[in-house]
Every structure is written in structure tokens, then in C-alpha cells.
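Colleague: no letters, just coordinates:
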């Protein structure tokens with residue numbers, strides 16, 4: 001059985017872009033299993049796609065091939081790359097979309113953020129990671145559109161990978177990739193834990209960068225947008241009003257029972273969240 005191939009894009013579902021990629025993959029490998037992770041990433045939002053991919057890839061079989069195509073610089077000199085980890089393969093433009101994947105095996109220390117829109121850093125890969133630049137046109141669909149590398153480069157390369165073509169056949173080995181510094185919670189001078197909203201899901205839940213392991217316990221007060229939430233809830237329908245809960249991905253979330261927390265708080269990605277221990 002060929003490995004699973006997943007797709008994460010900002011293409012939406014109202015056009016034929018996703019279908020075209022799937023068609024290219026299936027033409028090369030009709031036995032491929034293709035799974036959609038998400039196609040509703042905000043247009044050109046690399047950080048959002050990086051986070052979404054990080055919350056999904058662990059649940060796929062070993063050897064899965066993940067395509068993450070959010071590519072504002074398509075057609076430019078940015079590299080198209082394959083990243084091999086101990087458990088999976090990732091195909092993406094070298095623009096930070098694999099930041100969380102890289103950081104899982106090559107973590108950086110926590111530090112106060114200088115911006116909610118951090119700059120890309122050139123990161124040297126650790127021993128557990130291997131990468132190549134996709135430079136061999138033998139595995140591309142021809143002619144290559146300057147505006148749709150997802151169809152003409154990434155999709156056919158993924159299909160050939162699923163057929164067992166060795167990594168080195170696709171291009172030269174590289175030791176560094178671009179990645180955004182991961183926003184981690186940190187303690188201020190008063191001992192409070194400061195985090196930020198990373199993502200707002202379809203239900204309006206505010207997913208923060210505070211993990212369960214960062215919490216001092218359940219006896220906490222969460223402050224956000226002049227609102228105070230005392231203690232943790234264990235499920236969404238518990239209690240009333242705003243609730244703080246550890247969601248299925250292991251991050252602290254702010255939710256509103258029978259409502260939309262993002263709309264209620266009129267908040268957005270990047271807003272600060274403060275946690276105080278009791």
C-alpha cells in the first residue's frame with residue numbers, strides 16, 4: 001500500500017485547484033490515498049497553516065507524505081523543499097510553513113516576543129532531520145506554471161515519493177531551512193505566565209500557545225480582554241459564560257458556552273493572555 005498523502009492549502013474549495021493537484025497525484029499513482037487536512041487557511045497566512053499542520057500530522061501513519069502549500073512567493077527564487085523526519089515526509093515552499101515541524105525536533109528556547117509577526121530565521125537542521133531542495137525537473141509536470149507549483153511541482157513529486165523514489169533523486173541536500181521563531185509562553189517579572197492567541201477555530205474558540213504542561217495547576221485565573229476566568233473547565237458545556245479549557249491538541253483554549261468567544265471578546269490572533277496562579 002502506498003503511503004498516505006495529505007494536503008494543507010489556502011486554495012479553498014470553490015475553485016478547481018485542489019482537484020487539479022489530486023488529479024496529478026492519481027495520474028502518477030492511482031493507488032495513492034489522499035487526505036485533506038485543511039483548505040480554508042486564510043489566504044497567504046503561513047503562520048496559520050504551520051500551526052494547523054502541527055496539530056494534525058501526528059495522527060497519520062508512519063511514512064505519510066504531507067503537502068503544505070501556502071505560497072505567496074510562488075514563481076520567485078524561494079526553494080521548494082522536502083523535509084524528512086523520523087516519522088514522515090513534508091513537502092512545502094521554504095517559507096516557514098514547516099516551522100512547528102522543525103521546532104519539534106530542533107526546539108528553540110522561550111523568549112518574550114518582539115512581534116506577533118516574527119521574521120523568518122535560517123535554521124540549521126538537527127541530526128534527526130534531512131532535507132533536499134526540489135531541483136530535478138524529471139519529476140515535475142511540464143510545462144510548469146509560474147503561479148501553480150502545487151500542481152506542477154509539489155503534487156507530482158509527492159506522487160513519485162509515494163512510489164518509493166529515493167529522496168536524493170529530487171535534488172541536492174540542504175542543511176538549513178527558513179522557520180519562524182515559535183511563540184512560547186513566558187513569565188513576566190511578577191511571575192505571571194504570558195501567552196498569546198495562536199489560532200481561532202471554526203467555533204470561535206481561542207487557541208493559545210499555552211500548553212497543558214505549562215500550567216501551574218487548575219487553580220488559575222486567566223485574563224484576556226479585561227475578562228477574568230477562574231479555574232479550568234473539563235468540557236465545553238461545563239458552567240456558563242467564558243471558560244478556559246485544555247483542548248484536544250493540548251493547548252489552553254478560551255471558549256464561550258453556546259457562543260463564539262472570538263466575537264464576544266472582539267479579539268484576534270496575537271492578543272495577549274495572562275495566567276495567574278492562585
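Modeller: Ah, there it is. In this text the structure is predicted, and so the values were computed from the model without any measurement.

Colleague: now the helices for the stretch 101-250 of the chain?
Modeller: For the stretch 101-250 of the chain, applying DSSP state H, counting those that start in this stretch gives helices covering 149, 155-162.

Colleague: want to throw those helices into CSV with mean neighbour count and mean pLDDT?
Modeller: The way it works is simple: take the backbone N, C-alpha and C, and place the C-beta from them, glycine included. Listed next are the helices of the stretch 101-250 of the chain as CSV, based on neighbours: other C-beta atoms under 10 Å; pLDDT from 0 to 100:
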stretch, mean neighbour count, mean pLDDT
helix 149, 22, 97
helix 155-162, 25, 98
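
Colleague: would TSV of the ones you listed with distance to residue 30 be doable?
Modeller: Converted to TSV, the helices of the stretch 101-250 of the chain look like this (distance: least, C-beta to C-beta, whole Å):
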stretch	distance to residue 30
helix 149	23
helix 155-162	10
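
Colleague: for the residue sitting nearest the centre point of the chain, which non-adjacent residue is spatially closest?
Modeller: The residue at the geometric middle of the chain, judged as the C-alpha nearest the mean C-alpha position with C-alpha atoms, centre = their mean, is residue 50 (2.2 Å). Residue nearest to residue 50 in three dimensions, not counting chain neighbours: residue 99, with 4.7 Å by C-beta to C-beta, 6 or more residues apart in numbering.

Colleague: residues contacting that neighbour?
Modeller: Residues in contact with residue 99 (C-beta atoms under 8 Å, 6 or more residues apart in numbering) are 47, 50, 179, 180, 182.

Colleague: and this protein, what are its domains?
Modeller: 4-179, 186-277 (automatic domain parsing).

Colleague: endpoint to endpoint, the shortest one covers what distance?
Modeller: Right, domain 186-277. End-to-end distance of domain 186-277: 14 Å, with C-alpha to C-alpha, to the nearest Å as the criterion.

Colleague: relative to residue 24, which of the helices of the stretch 101-250 of the chain is closest?
Modeller: helix 155-162 (4.1 Å; C-beta to C-beta).

Colleague: so what secondary structure elements neighbour the closest one?
Modeller: For helix 155-162, the contact count by 3 or more C-beta pairs under 8 Å, 6 or more residues apart in numbering; DSSP states H and E identifies strand 4-9, helix 17-28, strand 64-69, strand 80-84, strand 88-93 as packing neighbours.

Colleague: quick one, it and strand 88-93 angle?
Modeller: 160 degrees (axes from the mean of the first three to the mean of the last three C-alpha atoms, to 10 degrees).

Colleague: what angle separates helix 155-162 from helix 17-28?
Modeller: Computed with the same axes, to 10 degrees, the direction of helix 155-162 lies at 40 degrees from that of helix 17-28.

Colleague: quick one: helix 155-162 to chain centroid distance?
Modeller: Averaging C-alpha coordinates over helix 155-162 and over its chain gives two centres that are 21 Å apart (C-alpha atoms, centre = their mean, to the nearest Å).

Colleague: with stretch 261-278 instead?
Modeller: When C-alpha coordinates are averaged (C-alpha atoms, centre = their mean), stretch 261-278 and its chain have centres 21 Å apart.

Colleague: of the helices of the stretch 101-250 of the chain, which is nearest residue 131?
Modeller: When the helices of the stretch 101-250 of the chain are compared by C-beta to C-beta, helix 155-162 sits nearest residue 131, at 13.4 Å.
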